[in-house]
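Student: Below: sequence and its predicted model.
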Amino acid sequence: MNLPIFHTLASLVQDQKVAVPSDPTAEGTYWFPVQASTLAEKSDWTFYYIYWISAFFTALIVAAMVFMAIRYRYRKGVWEGTDSPGHSWTLEITWSIIPFLLTIVMWWSGFKSFMYSDTVPPDAYTIQVQAQQWSWEFTYPNGAKTYKELHLPVDTDVTFVMRSKDVIHGFWIPAFRVKKDIVPGRYTKTWVHPTMEGQYTLFCTEYCGTNHSEMMVQVTVEDQASFDKWVADAADPWADYDTPEQIGEQIWSTQCVACHSIDGSVVIGPSWKGSWGTERKFVDGSSAIMDENYILNSLADPNSQVVEGYPAAMAPYRDMDQEALDGLIAFIKSLGN
């Protein structure tokens, strides 16, 4: 027998819950990754309850079918007549009441988990989440922004206020058992209460285009002191960069690399290599020189300047700070013309 499943069954019978592993590097159970939030324990209990009830009745029904097939199989020359069974109210009530009660427990457990996950604590720490093809942006209350990592304090309620810049995305952290769709044109919310320090993974669960599989972010859960230090340092994201070109390269590698190459290769959008000062011809017949104004306009309203031969696939970037914008321009300039 698979030991993780056996351990889970034993804990269900003895404690009526699935124990939370104490080691953040634990692999979880056969079915699930490690439980790293308060919601994980609740949702897993519902799953295992349904699983073992279903397994029990499946085994019971199959065993009865096999017994009947063997006991009352056709045998040539043998006929065993039996009396027709009479009506039994006891049997009738038993096989009606027991499944009814099991179903009520199933519904109540699922309903409680749903209400728990859907009720956002009013005083939770709030992180703004923006999803786009094919990256994430996380904005913290002090103004800090990150793109390739998400940091959370342990044993703290954290609310995610989420929006999409383009298509439908899905916010999913398996270890937390939290999943929420992010729909363009509206805000959606979800929340977690991390219970274990460690590193986990955030995925996008809605197919959102060519590089959908690259929308993965490392989630770090740490103690409050470490989180406070990290988020304070992250408030000045460019402090560790010596030149504007380095800032621009960082922006490209986190937000632009999916669409624009820097080696001349063609991806979704035109390459930046040797583009500075060159003429860009647009699908509407107009053209413009690749300079500061062109970049500024392309970020604010990209669909107004769609380069010939490329799709109108870029989302607007209207909230880029001045230091980041200057760095991006400097980086593109450094790629030559």
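Tutor: Happy to help now that I have it.
Student: Tell me how the chain divides into domains.
Tutor: 3-71+88-118, 125-234, 244-334 (automatic domain parsing).
Student: Now tabulate those domains in CSV and tack on mean pLDDT and mean neighbour count.
Tutor: For the C-beta atoms, the positions are set from N, CA and C on the backbone; glycine is no exception. Listed next are those as CSV, based on pLDDT from 0 to 100; neighbours: other Cβ atoms under 10 Å:
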stretch, mean pLDDT, mean neighbour count
domain 3-71+88-118, 74, 14
domain 125-234, 89, 18
domain 244-334, 84, 16
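Student: Do a quick rundown of the strands in this protein.
Tutor: Counting by DSSP state E, one finds strands in the chain at the ranges 125-132, 135-139, 145-146, 149-153, 158-164, 169-173, 178-182, 188-192, 198-204, 216-222, 279-281, 287-289.
Student: Let me know the angle separating the second one from strand 216-222.
Tutor: Right, the one you point to is strand 135-139. 30 degrees (axes from the mean of the first three to the mean of the last three Cα atoms, to 10 degrees).
Student: Please apply the same query to the fourth one.
Tutor: The directions of strand 149-153 and strand 216-222 differ by 20 degrees, with the same axes, to 10 degrees as the criterion.
Student: what packs against strand 149-153?
Tutor: strand 216-222, helix 224-234 (3 or more Cβ pairs under 8 Å, 6 or more residues apart in numbering; DSSP states H and E).
Student: elements contacting the shortest one?
Tutor: This means strand 216-222. Going by 3+ Cβ pairs under 8 Å, 6+ apart, strand 216-222 lies up against strand 149-153, strand 198-204.
Student: Select, out of those, the one closest to Ala64.
Tutor: The closest of these to Ala64 is strand 198-204. By Cβ to Cβ, the value is 42.4 Å.
Student: hang on, the earlier thing: okay, the strands of the chain in CSV with distance to Thr90 next?
Tutor: Shown next, in CSV, are the strands of the chain (distance: least, Cβ to Cβ, whole Å):
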stretch, distance to Thr90
strand 125-132, 57
strand 135-139, 60
strand 145-146, 64
strand 149-153, 55
strand 158-164, 53
strand 169-173, 48
strand 178-182, 45
strand 188-192, 48
strand 198-204, 52
strand 216-222, 54
strand 279-281, 84
strand 287-289, 86
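Student: Out of those, the one nearest Ala63 is which?
Tutor: Among the strands of the chain, strand 178-182 sits nearest to Ala63 (Cβ to Cβ), with 36.7 Å.
Student: tell me which strands and helices the closest one is in contact with?
Tutor: strand 158-164, strand 169-173, strand 188-192.
Student: can we see that at 10 Å?
Tutor: helix 38-71, helix 89-118, strand 125-132, strand 158-164, strand 169-173, strand 188-192, strand 198-204 (3 or more Cβ pairs under 10 Å, 6 or more residues apart in numbering; DSSP states H and E).
Student: now for those, which one comes closest to Gly327?
Tutor: Across these, closest to Gly327 is strand 125-132 (Cβ to Cβ), at 19.6 Å.
Student: Direction included, what does the closest one pair up with?
Tutor: When pairing is defined by DSSP bridges, strand 125-132 lines up against strand 135-139 (antiparallel), strand 158-164 (parallel).
Student: In a markdown table: those strands, plus distance to Lys179.
Tutor: Output for the strands paired with strand 125-132, formatted as a markdown table (distance: least, Cβ to Cβ, whole Å):
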| stretch | distance to Lys179 |
| --- | --- |
| strand 135-139 | 15 |
| strand 158-164 | 12 |
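Student: Quick one, which of those gets closest to Val217.
Tutor: So among the strands paired with strand 125-132, strand 135-139 is nearest, using Cβ to Cβ, at 5.3 Å.
Student: ok, the nearest residue to Glu222 once chain neighbours are set aside - contacts?
Tutor: Excluding the flanking residues, the one nearest Glu222 by Cβ to Cβ, 6 or more residues apart in numbering is Glu197, at 5.7 Å. Glu197 is in contact with 24, 36, 152-155, 220-223, 226, counting by Cβ atoms under 10 Å, 6 or more residues apart in numbering.
Student: And for Gly285?
Tutor: Glu308.
Student: cool, Arg177 as well?
Tutor: Each residue near Arg177 by Cβ under 10 Å, 6+ apart is listed here: 32-33, 35-44, 47, 113, 117, 192.
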